[in-house]
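J.: output the structure for:
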Amino acid sequence: MNRISVFLLTVLIVLTSCRKAPKKPSSCDFSNPEEDNFTIVNNDDSPDRPFNVFCKKVDVFGVYIYATENVSDLDLLHTANIMAQYLDNDEDSIVDNPLVLDKMVENQSVMVLFGKENSSKKKAFLRSENELEGSYVFQDLYGDEIHPDWNHNSPFDATLEEVLHLVTHSGFSKVYPTVFGEEKGSEIANAMDKARGGQFNDVPSNYPSGAWYSYDDKTCEYNCQVTEYFYWALTSLLGAQDFPGRYDEIGHEWRANTPALLESMDAEVFNLLKNSEYKLPTVLPDGSYRR
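T.: This next block holds a predicted model:
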C-alpha cells in the first residue's frame, strides 16, 4: 500500500492530542556488522525537532533512513541495502540514474522506520511534522513488516514496496514528468487508465470486468494510484510477485503478477519499464548490496 499521500494527513485528523517530538534527539545502542556496506550512526545531528524521535540512521548515497530504537539494526541495514540496490542495480558503486538520485536528495527524501504502525514515536513524529511541511518527502516503513529473510514466500517483505515508492514518487516521477509523472496524461498514467478500465478520479464502487489493476483503497487518490501501479508493474516484471499463493493474496487488486502476464496483459507499461533510457532496475533487490 502506498502511504505517502496519507502519512502526513493523519496528523491533522487523528493525532492532535499526541506529544510533540522531544527537544533533544533520542539515543539508543546499535551495532554495525563488519560485512555490511552501510554504517549505522547516531542521530545526534538531527536536522529538525520532529526527527528527534529517531535515535539512529543510515546514509545511502545521500538519502537518509531514520529509525527508532524499536527497529532492529538488521531491519535498518536491510532497508539500506534494498535502497542501494534499487538505485545502483548493477552494484558497480555508481548510481544507475544520477538524475533520479539528485532529485531525491534535492527533495530531501527520507525513509522513516518505526517498530509498529501505532507506535508512540510515530504519533509524536506526526504531531510535530507540520514544522517540516513542504521541506521533506517521507515514506514510512514498520519493523513488523520488514522481512530480511524473505525468499519468494509469505509474508511479503514490504521493504521492497515502500522503498520503491519513495524512489519512484520522489525520483522518477519528478525527473520524467511526461513519462512517469503521477498525474493524468503521463505515459504511465495513460497505461494505468487502461489497466483500470477507465480514467477514474476516485476509486469506483466496481471496476470494469476487464480491469487487471483494481486497487480499492478509497484514501488513495489518482497520484497515489499511479505510485501503486508503478510498484505492481515493476516488481511483477522483476519476479517479486510470482510465488505460490501470491496471486490469491493480491489478485483482487493486481492480476498481471508475472513477467509473462505483464507482457501479455499490459504491453504499454511492459515496454515502458523495459526501456533502457530510464535505467530502471532490472534485477529484484535481495538485501545484499555489494559494492
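
J.: could you find the closest non-adjacent residue to residue 77?
T.: Leaving aside its sequence neighbours, residue 77 sits nearest to residue 36 (CB to CB, 6 or more residues apart in numbering; 5.2 Å). (Each C-beta comes from the backbone N, C-alpha and C, glycine too.)

J.: does the one you found sit in a helix, a strand or a coil?
T.: Secondary structure, DSSP: H, G, I helix; E, B strand; the rest coil: residue 36 is coil.

J.: number of nearby residues for it?
T.: 17 (other CB atoms under 10 Å).

J.: nearest residue to residue 152 in space, ignoring adjacent ones along the chain?
T.: The shortest distance from residue 152 to any residue other than its chain neighbours is 3.9 Å, reached at residue 243 (CB to CB, 6+ apart).

J.: just the pLDDT for the one you found.
T.: We note a pLDDT of 97 for residue 243 in this prediction.

J.: show me the contacts for the residue positioned nearest the centre of the chain.
T.: The residue lying closest to the centre of the chain (CA atoms, centre = their mean) is residue 162, at 2.4 Å. Neighbouring residues of residue 162 by CB atoms under 8 Å, 6 or more residues apart in numbering: 3, 111, 139-141.

J.: farthest pair within these?
T.: Farthest pair in those (CB to CB) is 3 and 111. Separation: 11.6 Å.

J.: so between these two, which is more surrounded?
T.: Neighbours were counted for residue 3 and for residue 111 using other CB under 10 Å; residue 111 has more, 26 against 21.

J.: state the mean pLDDT of the helix or strand hosting the more buried one.
T.: Secondary structure from DSSP states H and E places residue 111 in strand 109-114. For strand 109-114, mean pLDDT is 98.

J.: what of stretch 30-41?
T.: Across stretch 30-41, pLDDT averages out at 91.

J.: that one: which residues count as buried?
T.: Buried positions in stretch 30-41, judged by neighbour count with 16 or more other CB atoms under 10 Å: 30, 36-38, 40.

J.: residue 284: which of those is nearest?
T.: residue 37 (18.4 Å).

J.: show me the shaky parts of this protein.
T.: In the predicted model, the chain carries pLDDT under 70 at residues 1-19, 129.

J.: the strands in it, which residues?
T.: Under the criterion DSSP state E, the chain contains strands at 41-42, 56-60, 63-67, 109-114, 137-142.

J.: what packs against the first one?
T.: Read it as strand 41-42. strand 56-60 (3 or more CB pairs under 8 Å, 6 or more residues apart in numbering; DSSP states H and E).

J.: domains in the chain, by residue range?
T.: Domain assignment for the chain, taken from automatic domain parsing, gives 4-170, 177-278.

J.: my read is that residue 153 contacts residue 243, right?
T.: Yes: here residue 153 lies in contact with residue 243, judged by CB atoms under 8 Å, at a distance of 6.2 Å.

J.: between those two, who's got more neighbours?
T.: It is residue 243, of residue 153 and residue 243, that has more neighbours when counted by other CB under 10 Å, with 17 against 13.

J.: gap between residue 215 and residue 89?
T.: 26 Å (CB to CB, to the nearest Å).

J.: residue 279 too?
T.: Using CB to CB, residue 279 is found at 8 Å from residue 89.

J.: same thing with residue 165?
T.: In terms of CB to CB, residue 165 sits 17 Å off from residue 89.

J.: ok, now residue 271?
T.: Taking CB to CB, one finds residue 271 at 19 Å from residue 89.

J.: got it, and residue 110?
T.: According to CB to CB, residue 110 stands 21 Å off from residue 89.

J.: who has more neighbours, the two?
T.: residue 110 (23 against 20).

J.: ok, the closest residue to that one other than its chain neighbours - how many residues close by?
T.: Once flanking residues are discounted, residue 110 sits nearest to residue 64: 5.0 Å by CB to CB, 6+ apart. Other residues lying near residue 64 total 22 when counted by other CB under 10 Å.
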